[in-house]
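In: sequence plus predicted model, see below.
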Amino acid sequence: MDFPIILSPSSKTPLWKQLSGALAEAILQGRLRPGDNLLPSRVLGQMLGISRDTVVRAYDELATQGYVEGSTRAGTKVRHAPLLEFKPADNRKAIESPPSIAKHPTQLSRYAERLVQIQTAGATSFDQPELNFGASPAEHLPGRQWREIFGRHAIFQDMSRLAYDAELFGHRPLREAIAAYLRRSKAINCSAEQVVVFSDSQQALDLIARILLNEGDRVVVENPGYGGARENLMSHGAIVHPVPIDEHGLITDQLSAVPTPCKLVHVTPAHHDPSGVVMSLERRQKLLQWAKQAGAFIIEDAFDSDFRYGSQPMPPLQVLDETGSVIYLYSFWKVLYPICTTGCMVLPPHMVDVFARAKVLTKRNFPIPEHYILTEFIGDGYLERHIRKVRGVYERRRQKLIYALAQNFKTAVTYHKESAGLHLLVRFNIGFDDAEIKECASQSGLPMVSTRPYYVSEPRPGEFLVPFASIREDEVDLIVQQMADALWARQNSANQADVGNEAMNPLDWYLSHCSA
């Protein structure tokens, strides 16, 4: 009970009546909820500067009206079912429907006006709690090691370790550990001076946009691609030019159609989001050459580059870059969420100073204990051992899912044979709309999310992401079979009018009609 209660001693209404009325109003408005404890009468009386007897009489009045229950000795609580039940207003519509700019023509900045006008992409795997927000399943997190390190650093026997860290880019030992890790695992050419630590990748994208973009600047994004990056750049006034991808990554031949000058290109070459394809070496070289000619910076987003299947690691764009035009992003999200969401970016050396100046005006403080823990976790090799351990688990689960899909759907389902990440992009060609496919998958326990929100335009029907990392190997066959049975049952029901179809397997019937 931390809201103010105003009483007027000069009023003709007795103080106990004023107090009971104020508390009744708080209950009706939802500030005091069923089950909440009211303050002891002596404590409330001291707070309000009135006698305890006045408070007791007010509480008795509330009890008589059915607002509260209990006794002075045992404590007074708001009733679980008050006689007059207040239903708080539903504010969700206000959140979902942003305020009209026309109502506030001079009050919003141009940035705020753009935010209101941007059409959000919709729910992706990163918005789905049932998919663990696109991260590793909780049972495969290195919880024991993290707890042990946390326990050591939570004691803080040396209080000097809590001193304010003046490093603008993050805890210096952590940046050194990250730089060493990126050199070992990704061949990234960097030093600690170039590493900037962030709580998440959106903070990094926002700072990059602030420094490099002016309103009206052109940027290239992948289509389909990460909607969060696309919307972030648009919020800073960028004009987005989507370029399609194929099994080799961004189709660089189509960059010639992008008007120049172009300021930025956002790509996910190590693991395209959402397809999982890895950009070929030839495409990487062509992209760097085009960026050099166009004078554009490249944001190389390696948010999910730790898990590869069926392909050798490609050199990052940052390694191939000869002009200092690549800003490299990396995140521990996919490996360690929810125990750690820290990410970082590696700047070209000539960009370090301007980013430092901008960092002074944005986020300067960091969660020091988390930085200590992550420093030791990386430095002692726990991170790399964990990645090697779970990579095999995920690869077996991925193969198991592919086999189950092939057994149950044959050529009515396609996927990329070589990919990376924790999701498999699956395309169904089975004559059902997305809602029907998703419904049958949900009923069968197969987690999926549509790729429609990833597209700027012309999304592909029947295309979904399946988080294979979160499905146990001994459950895959049954789950996929149940989904297929549900779909073929619908197909069979729809075609019962055709003579002779009852004796044919619905899948075989469908495939024969497709080939015809």
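Out: On my side now, so go ahead. Note that the structure is a prediction, hence the values are computed from the model and not measured.
In: I'd say residue 433 and residue 452 touch.
Out: No - when contacts are counted by Cβ atoms under 8 Å, residue 433 is not listed as touching residue 452 (11.7 Å). (C-beta placed from N, C-alpha, C; glycine too.)
In: these two: who's more crowded?
Out: Comparing residue 433 with residue 452 by other Cβ atoms under 10 Å, the one with more neighbours is residue 452, at 17 against 10.
In: which residue, neighbours along the chain excluded, lies closest to the more buried one?
Out: Residue nearest to residue 452 in three dimensions, not counting chain neighbours: residue 459, with 4.2 Å by Cβ to Cβ, 6 or more residues apart in numbering.
In: surely that neighbour is in contact with residue 224?
Out: Yes - when contacts are counted by Cβ under 8 Å, residue 459 is listed as touching residue 224 (7.4 Å).
In: now do the residue lying closest to residue 416 once chain neighbours are set aside: how many residues are near it, please.
Out: Distance criterion Cβ to Cβ, 6+ apart; nearest residue to residue 416, sequence neighbours excluded, is residue 277 at 5.6 Å. Here the count is done by other Cβ under 10 Å, and residue 277 has 23 residues near it.
In: buried residues, stretch 290-309. List them.
Out: Neighbour counts over stretch 290-309 (16 or more other Cβ atoms under 10 Å) mark 290-291, 294, 296-309 as buried.
In: next one: stretch 141-152
Out: 141-142, 145-146, 149-150.
In: of the residues you listed, just say which sits nearest to residue 472.
Out: Distance to residue 472 across those (Cβ to Cβ) is lowest for residue 141, with 15.8 Å.
In: quick check: the gap between the closest one and residue 172.
Out: In this structure, residue 141 and residue 172 are 27 Å apart, going by Cβ to Cβ, to the nearest Å.
In: identify the contacts common to residue 459 and residue 224.
Out: Residues touching both residue 459 and residue 224 (Cβ atoms under 8 Å, 6 or more residues apart in numbering): residue 451.
In: mind checking the longest strand of the chain?
Out: Taking residue count as the measure and DSSP state E as the definition, the longest strand of the chain comes out as strand 239-246.
In: so of the buried residues of stretch 141-152, which ones are in helices?
Out: Under the assignment DSSP state H, these contribute 145-146, 149-150 to helices.
In: can you pull the contacts of the residue lying closest to residue 167 once chain neighbours are set aside?
Out: Using Cβ to Cβ, 6+ apart and skipping residues adjacent in sequence, the residue nearest residue 167 is residue 175, 7.6 Å away. Residue 175 is in contact with 167, 169, 192, 195, 197, 344, counting by Cβ under 8 Å, 6+ apart.
In: and the helix or strand that contains residue 54, what other elements does it pack with?
Out: Under the criterion of DSSP states H and E, residue 54 resides in helix 52-65. In this structure, helix 52-65 makes packing contacts with helix 15-28, helix 41-48, strand 68-71, strand 75-78, judged by 3 or more Cβ pairs under 8 Å, 6 or more residues apart in numbering; DSSP states H and E.
In: turn the ones you listed into JSON lines, columns for mean pLDDT and mean neighbour count.
Out: Shown next, in JSON lines, are those (pLDDT from 0 to 100; neighbours: other Cβ atoms under 10 Å):
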{"stretch": "helix 15-28", "mean pLDDT": "90", "mean neighbour count": "19"}
{"stretch": "helix 41-48", "mean pLDDT": "89", "mean neighbour count": "16"}
{"stretch": "strand 68-71", "mean pLDDT": "80", "mean neighbour count": "16"}
{"stretch": "strand 75-78", "mean pLDDT": "87", "mean neighbour count": "18"}
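In: tabulate the ones you listed (TSV), appending distance to residue 186.
Out: Written out in TSV, the entries for the helices and strands packed on helix 52-65 read as follows (distance: least, Cβ to Cβ, whole Å):
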stretch	distance to residue 186
helix 15-28	57
helix 41-48	59
strand 68-71	62
strand 75-78	57
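In: for the stretch 251-400 of the chain, which spans come out with low pLDDT?
Out: 310-311, 363-364 (pLDDT under 70).
In: what segments of it are helices?
Out: Per DSSP state H, counting those that start in this stretch, the stretch 251-400 of the chain has helices spanning 281-294, 317-320, 333-336, 352-360, 368-379, 382-409. These are given in chain order.
In: then the third one to PDB, C-alphas only?
Out: In PDB, the C-alpha atoms belonging to helix 333-336 read as follows (Å, rounded to 0.1, in the frame of the first residue of the first chain):
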ATOM      1  CA  TRP A 333      22.000 -15.700 -27.300                       C
ATOM      2  CA  LYS A 334      21.700 -18.900 -29.300                       C
ATOM      3  CA  VAL A 335      24.100 -20.800 -27.100                       C
ATOM      4  CA  LEU A 336      23.300 -19.500 -23.600                       C
END
